[in-house]
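In: Just to be clear, the model below is a prediction. Sequence and coordinates:
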Amino acid sequence: MEDKIVHVRLSEHPELTIGDVVEIMQELAKKYPDREIFLDGDENAICSRPKKP
């Protein structure tokens, strides 16, 4: 099973623009360089999981 973390649920923040989402993803990528940051359509959220070696 994946070690997925939900960082931001987009449905809880309808004011976010696509630019905001990209900025949040870039900040998370810097904060967690060992994790893959992605948009999860099922969760409607910005999530991360460990990078594959």
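Out: In hand now; what should we look at?
In: Please enumerate the helices of the chain.
Out: For the chain, helices defined by DSSP state H occupy the ranges 18-31.
In: Roughly how far does the residue minimising distance to the centre of the chain sit from residue 53?
Out: With distances taken as C-alpha atoms, centre = their mean, the residue of the chain nearest its centroid is residue 46 (2.7 Å). From residue 46 over to residue 53 the distance is 23 Å, taken as C-beta to C-beta, to the nearest Å. (Each C-beta comes from the backbone N, C-alpha and C, glycine too.)
In: again, but for residue 44
Out: Applying C-beta to C-beta to residue 44 and residue 53 gives a distance of 29 Å.
In: just residue 24 next, same as before
Out: Counting by C-beta to C-beta, the gap from residue 24 to residue 53 is 26 Å.
In: before we move on, what about residue 10?
Out: Distance from residue 10 to residue 53, by C-beta to C-beta: 30 Å.
In: okay, these two: which has more neighbours?
Out: Higher neighbour count among residue 10 and residue 53: residue 10, with 17 against 3, using other C-beta atoms under 10 Å.
In: burial measure for the nearest residue to the more buried one once chain neighbours are set aside, as a count.
Out: Using C-beta to C-beta, 6 or more residues apart in numbering and skipping the chain neighbours, the partner closest in space to residue 10 is residue 44 (5.1 Å). Counted with other C-beta under 10 Å, the neighbours of residue 44 add up to 13.
In: Can we start the residue count at 425 from this point?
Out: That works, and once the first residue is 425, the last one we named lands at residue 468.
In: wait, what's in contact with residue 468?
Out: 433, 434, 435 (C-beta atoms under 8 Å, 6 or more residues apart in numbering).
In: That's all I had, so thanks and see you.
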